[in-house]
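S.K.: quick one, fold the following:
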Amino acid sequence: MMEQRKSSFWDRAVRNLRSVWSKIGATDNYFLEASFSPELNEIDQRRLIEHMRACLEARGGEVSARSRAAALGHAYLALNETGRKRFLGVLASEFGSDTETVNKAISDLQNATNTENRMAAEKNLRNALVSTRTRLLTQFNALPEGVKFLVDMRAELIPWARNDPFLNTVECDLKALLTSWFDVGFLELKQITWKAPAALLEKFFGYEAVHEITGWDDLKNRLASDRRCFAFFHPRMPEEPLVFVWVALVEGMASNIHELLDKGAPDQDEKHADTAIFYSISNAQAGLSGITFGNFLIKRVVDNLSAELDGLKKFATLSPIPGFMPWLRSNLENNHLEFLTIEQQEKLKRTSSKGSPKASLIHLLYDTKWVNNTETQSMLKPILLRLAVHYLANEKRNEGTALDSVAHFHLNNGARIEQLHWAADLSPKGIKQSAGIMLNYLYLLKDIEVNHESYRSGKAIMTSSDVRDLLKDQKPT
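M.R.: Now for the predicted structure:
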């Protein structure tokens, strides 16, 4: 599903924006001025520079500037991938900050002799550091769906910029611009229901990143009376969810995603629910990667549900462990089994003819037939649960945060690792990511702030006593 999103978003952007922007400049010649070859050859690059300069100079007033910007965006959409890279390369090489102006501002700041002069010099330096490409990109904010255009532009730019320092400067400027526009204070939380416009509902098929929506019946089931869906929207992108969460209202802690998404299960009375389970959170806009507001979504949804249903006592997730199996395979290849007990290592040796515990575990995990073998499942269950707990609680990035991306998200939000569940997601994706294991992150309202501060300051990972018990077995050799 993620690959489909990656390959189709640009085509979707082109379809949506071409017709909208063509109407803006239909009565002038700006579209002819900004008509380029698909690959943006050298001659067209020189013409592009002139058109961009005209946009920045705002020749002809605001209306003309708006039309020129629309023509520029329309031209960008008409380019092929090579042309779009060259377009962004022009932005990088020709429309940065003015070096002389920056140097003068730095000199003025260094030579300031009093507070008033220093404050004026600081202001001048800040202004000088704003690149001309940022001013140019800002013009799209005034266009219909212009913000969405920039978000989609950054989505495509991010992978290109990783190994290209010139494109990286454009990506950084674009991220800074979008970060200022997408402050959480500007966002609106909306509940999505089955009565929402079909055009909006259809977008969730493509944007869902955790548990694929298989059809309209599946979507309707996720919007049933004992279910909720909430999303953040931006006023300049009113028909585009930014990030959304699916919630199940249940009694007790959910332990199996197949049961939770069972279309044949009867709806439960929401008034009897004592627990809200967040079972999927998806960022819908790849171009907003690195601009964080998912944590605010959880807090706002908790507040909304608490106000709506006073019977809710617990707020928790049913989450995947997407990095577990890649981490485990890497460790097995490096001969790391020190976090298994002696007894578990002996069981592995007896189960397989491969000899060593390492070879036995590699053989079992790479042959997914174990999923359908009850005896092998029973043998692997305590081993993989222990390994998963070790991974979640002890494996960290260089900066000291949890290695697993989902764990980092929830721990940073103030949750704790509450309970692991075996055979909770036996889909091919669930087996590949985490050997079918899922877990509950528990949001205890009274502890959220303390847990958040503990994690952020000392990088302490909060766990329940049941989870800690999984690591208290006999020490390995």
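
S.K.: most remote residue from this structure's center?
M.R.: In terms of distance from the mean C-alpha position of the chain, T113 ranks first, at 46.8 Å (Cα atoms, centre = their mean).

S.K.: which element is that one on?
M.R.: Using DSSP states H and E, no element contains T113; it sits outside every helix and strand.

S.K.: so how far is S64 from it?
M.R.: Distance, T113 to S64, using Cβ to Cβ, to the nearest Å: 44 Å. Every residue, glycine included, has its C-beta placed from N, CA and C.

S.K.: centre-most residue in this structure?
M.R.: In the chain, the residue lying closest to the centroid (Cα atoms, centre = their mean) is N283, at 4.3 Å.

S.K.: my guess is that residue meets S289, correct?
M.R.: Yes - with contact defined as Cβ atoms under 8 Å, N283 counts as touching S289 (7.1 Å).

S.K.: and the residue nearest to the centre of the chain, what is it in contact with?
M.R.: When contacts are counted by Cβ atoms under 8 Å, 6 or more residues apart in numbering, N283 touches 209, 242-243, 289, 294.

S.K.: now neighbour count too, for these, in JSON lines please.
M.R.: Putting the contacts of N283 into JSON lines (neighbours: other Cβ atoms under 10 Å) gives the following:
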{"residue": "A209", "neighbour count": "15"}
{"residue": "L242", "neighbour count": "22"}
{"residue": "V243", "neighbour count": "24"}
{"residue": "S289", "neighbour count": "12"}
{"residue": "G294", "neighbour count": "19"}
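
S.K.: now for these: which two are most distant?
M.R.: Pairwise distances across these (Cβ to Cβ) peak at 13.1 Å, for the pair A209 and L242.

S.K.: mind listing the helices for the stretch 201-350 of the chain?
M.R.: Assigned by DSSP state H, counting those that start in this stretch, the helices in the stretch 201-350 of the chain fall at 216-222, 257-260, 294-308, 324-333, 342-351.

S.K.: I'd like those laid out as CSV, including mean pLDDT and distance to L40.
M.R.: CSV is the format used below for the helices of the stretch 201-350 of the chain (pLDDT from 0 to 100; distance: least, Cβ to Cβ, whole Å):
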stretch, mean pLDDT, distance to L40
helix 216-222, 96, 41
helix 257-260, 96, 46
helix 294-308, 91, 36
helix 324-333, 87, 38
helix 342-351, 77, 58
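
S.K.: redo those helices as a markdown table? Include distance to V147.
M.R.: Shown next, in a markdown table, are these (distance: least, Cβ to Cβ, whole Å):
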| stretch | distance to V147 |
| --- | --- |
| helix 216-222 | 27 |
| helix 257-260 | 34 |
| helix 294-308 | 19 |
| helix 324-333 | 35 |
| helix 342-351 | 53 |
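
S.K.: of these, which is nearest I158?
M.R.: Closest of these to I158 is helix 294-308, at 17.5 Å (criterion: Cβ to Cβ).

S.K.: tell me what that closest one is packed against?
M.R.: Other helices and strands packing on helix 294-308, by 3 or more Cβ pairs under 8 Å, 6 or more residues apart in numbering; DSSP states H and E, are strand 188-191, strand 227-233, strand 243-250, strand 275-283, helix 405-412.

S.K.: mind putting those in TSV, distance to K104 and mean pLDDT included?
M.R.: Shown next, in TSV, are those (distance: least, Cβ to Cβ, whole Å; pLDDT from 0 to 100):
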stretch	distance to K104	mean pLDDT
strand 188-191	43	97
strand 227-233	42	97
strand 243-250	42	97
strand 275-283	41	96
helix 405-412	42	94
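
S.K.: dump these into CSV; add distance to A121 as well.
M.R.: What follows is the helices and strands packed on helix 294-308, written out as CSV (distance: least, Cβ to Cβ, whole Å):
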stretch, distance to A121
strand 188-191, 39
strand 227-233, 39
strand 243-250, 40
strand 275-283, 40
helix 405-412, 38
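
S.K.: how about these, which one is nearest G83?
M.R.: Once those are compared by Cβ to Cβ, strand 275-283 is nearest, at 28.0 Å.

S.K.: list the buried residues of that closest one.
M.R.: By neighbour count on 16 or more other Cβ atoms under 10 Å, the buried set for strand 275-283 is 275-283.

S.K.: what's the farthest-apart pair in the residues you listed?
M.R.: Top of the distance list for those (Cβ to Cβ): T275 and N283, 24.7 Å.

S.K.: outline the domain layout of this protein.
M.R.: 2-96+131-181, 185-315, 324-469 (automatic domain parsing).

S.K.: R86: neighbour count?
M.R.: Burial of R86 is recorded as 20 neighbouring residues (other Cβ atoms under 10 Å).

S.K.: and if you look at D152?
M.R.: For D152, the neighbour count with other Cβ under 10 Å is 22.

S.K.: which helix or strand contains it?
M.R.: Assigned by DSSP H and E, D152 belongs to helix 146-161.

S.K.: just L48 next, same as before
M.R.: L48 belongs to helix 42-57, assigned by DSSP H and E.

S.K.: just the C-alpha atoms of that helix, please, in PDB.
M.R.: Backbone C-alpha positions of helix 42-57 (Å, rounded to 0.1, in the frame of the first residue of the first chain) are rendered in PDB as follows:
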ATOM      1  CA  GLU A  42      19.400  24.200 -20.800                       C
ATOM      2  CA  ILE A  43      17.600  26.800 -22.900                       C
ATOM      3  CA  ASP A  44      14.400  26.300 -20.900                       C
ATOM      4  CA  GLN A  45      16.300  26.500 -17.700                       C
ATOM      5  CA  ARG A  46      17.500  30.000 -18.600                       C
ATOM      6  CA  ARG A  47      13.800  30.900 -19.500                       C
ATOM      7  CA  LEU A  48      12.700  29.500 -16.200                       C
ATOM      8  CA  ILE A  49      15.200  31.700 -14.300                       C
ATOM      9  CA  GLU A  50      13.700  34.800 -16.000                       C
ATOM     10  CA  HIS A  51      10.200  33.700 -15.200                       C
ATOM     11  CA  MET A  52      11.100  33.100 -11.600                       C
ATOM     12  CA  ARG A  53      12.700  36.500 -11.300                       C
ATOM     13  CA  ALA A  54       9.500  38.100 -12.800                       C
ATOM     14  CA  CYS A  55       7.500  36.300 -10.100                       C
ATOM     15  CA  LEU A  56       9.700  37.700  -7.400                       C
ATOM     16  CA  GLU A  57       9.600  41.200  -8.800                       C
END
